[in-house]
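In: How does the following fold in three dimensions:
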Amino acid sequence: MLGNEEMQDRNNIIRVLQVNKLYYPVTGGIERVVQQLAEGLCEDTDTKVLVCRKKGKTIVEQIAGIEVTRASSMGMLSSLPLSVSFLWKFRRMAKDRDIIHIHMPFPLGDLACFLSGYRGRVILWWHSDIVRQKKLMKLYRPLMEWLLRRADCIIAATQGHIDGSKYLKPYQDKCRIIPFGVDLKIEKEADRWYMEGGPLERSEERLAVVKYLFVGRLVYYKGCRTMIEAFVQAAKMKKHIRLDIVGTGPLEPELKKQTEELRLTDQIYFHADVSDDELIQYFKECDVFVLPSLQRSEAFGLVQIEAMAFGKPVINTKLPSGVPYVSLHGETGLTVEPGNAAELAEAMLYLAEHPADRCQMGEQARARMDEQFRMDKMLKRVLQLYEEFVERKLER
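Out: Sure thing, here's the model as predicted:
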């Protein structure tokens, strides 16, 4: 039997429904954040998760102590699940929740909230604008605008998400900035590596070959073609450099062919199906991390803070998104114009030829991660936000 105090604590705990398109083990930046929030706040909140399946019947699972409902789906159309059951499951699951936390963009989540009649607190996490699907955007925008007006609070990971968005400016007063946190496993491994003197050991090897690292999906907006073009230019000026490309995607055959035609297979290496432990090793062994993204589809770049955890300077691009707000130009790395191979090559060369600056930027990158991008800080800020808005509800 629960005592009176335990019963009171249970009754007072904040009840949250996290809503997103998909969930772990599906991998993706947004899916990782939803999982981090659900698992990281499970002791302080009563959190449930509602998502869709890519295809198949509804299932309810317990994952790391979290109840995850995956609504049935007939399949995916333009990356959106075709799920009618999601709408009524949202309505049913929302009834006893203090807070509905919807991760955007997810048009089906907007529609479900609109149809549900839910009158409690709604918090949105704005991960990015919809960039490519312009026809869908015309249909979706009125519904999206309704939800933005309806929301009690909109979370963005950086000021760049707000400034670079076509849609958030009228709602700036209700926006809160909560930076993402480094994945806990990477954070712990990076902390251990630092305590054991890993950066010092790596610095002794830097006179031989300077290693650049890219991690991500090999898709159009990541800018890998430009990165390879830049590497070619840099390699003409400095022979002892290497580029490791970690990831897979539709552009993989084309990028490998490009590398072969440029006769750079002894300097550019592709790595697919990399384990978590192997990825951590690549972060440890690189000297410079490169994120050459071309479009604001790249809204933040979680891999930036993972590299920064290991004290690596970052070369990123000046996108109208959160990307250049994560690693700062001239402080924790260098920022170049997206799609400009010559400027990217210049940045790569500079960091190769100026080891003292490279090391200093790496140390400052680590310090910035420690100050801004720790997982416990992200979770604490979100919990404080929940408590603030639930308290406001009680005061009404």
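
In: how far is the biggest helix by length in the chain from where the chain is centred?
Out: Determined from DSSP state H, the single longest helix within the chain is helix 375-395. Counting by CA atoms, centre = their mean, to the nearest Å, helix 375-395 is centred 21 Å from the centre of its parent chain.

In: Could you pull out the buried residues of that helix?
Out: Neighbour-count burial for helix 375-395 flags Met375, Met378, Leu379, Lys380, Arg381, Val382, Leu383, Leu385, Tyr386, Phe389, Val390 (criterion: 16 or more other CB atoms under 10 Å). From N, CA and C alone the C-beta is placed, and that goes for glycine too.

In: how far away is Glu261 from Met227?
Out: 16 Å (CB to CB, to the nearest Å).

In: meant to ask about Arg150
Out: The spacing between Arg150 and Met227, counted by CB to CB, is 41 Å.

In: Between these two, which is the more surrounded one?
Out: Met227 (25 against 13; other CB atoms under 10 Å).

In: packing partners for the longest strand along the chain?
Out: What stands out as the longest strand in the chain, according to DSSP state E, is strand 45-52. Applying 3 or more CB pairs under 8 Å, 6 or more residues apart in numbering; DSSP states H and E, one finds that strand 45-52 contacts strand 14-19, helix 29-40, strand 66-71, helix 85-94.

In: where in the chain is pLDDT low?
Out: By pLDDT under 70, the weakly predicted segments of the chain are 1-11, 200-207, 392-396.

In: mind redoing it with 80?
Out: Applying pLDDT under 80 to the chain flags residues 1-11, 27, 78, 131-136, 198-208, 392-396.

In: what ranges do the strands span in the stretch 101-250 of the chain?
Out: With DSSP state E, counting those that start in this stretch, the ranges of strands along the stretch 101-250 of the chain come out as 121-126, 153-156, 175-177, 210-215, 241-246.

In: Specify the stretch among the ones you listed that is closest to Ala347.
Out: The closest of the strands of the stretch 101-250 of the chain to Ala347 is strand 210-215. By CB to CB, the value is 10.4 Å.

In: what does the longest helix of the chain contact?
Out: Helix 375-395 is contacted from outside by 14, 16, 36-37, 40-41, 44-45, 98-99, 120-121, 123, 152-153, 155, 176, 178-184, 187, using CB atoms under 8 Å, 6 or more residues apart in numbering.

In: can you do 6 Å?
Out: The contact list for helix 375-395 (CB atoms under 6 Å, 6 or more residues apart in numbering) reads Ile14, Gly40, Leu41, Asp44, Asp98, Ile99, Arg121, Asp152, Ile178, Gly181, Leu184.

In: Repeat that for stretch 346-359.
Out: Applying CB under 6 Å, 6+ apart, the external contacts of stretch 346-359 come out as Arg206, Val210, Ala234, Met237, Lys238, Ile241, Val288, Pro313, Ile315, Leu334, Val336.

In: Would you mind listing the buried residues in it?
Out: Result for stretch 346-359 [16+ other CB under 10 Å]: buried residues Glu346, Ala347, Met348, Leu349, Leu351, Ala352, Arg358, Cys359.

In: hey, where'd the helices end up in the stretch 101-250 of the chain?
Out: Remark: helices assigned in the stretch 101-250 of the chain by DSSP state H, counting those that start in this stretch are 107-116, 134-150, 159-163, 184-195, 198-203, 224-237.

In: for the last one, packing partners?
Out: Judged by 3 or more CB pairs under 6 Å, 6 or more residues apart in numbering; DSSP states H and E, helix 224-237 is in contact with helix 341-353.

In: again, only using 8 Å
Out: So helix 224-237, by 3+ CB pairs under 8 Å, 6+ apart, packs with strand 210-215, strand 241-246, helix 252-261, helix 341-353.

In: Quick one, which of these gets closest to Leu77.
Out: Comparing the helices and strands packed on helix 224-237 by CB to CB, helix 252-261 comes nearest, at 25.0 Å.

In: Can you mark which positions in the very next helix or strand once past the closest one are buried?
Out: Going down the chain from helix 252-261, the next helix or strand is strand 268-271, by DSSP states H and E. For strand 268-271, burial by neighbour count (16+ other CB under 10 Å) applies to Ile268, Phe270.
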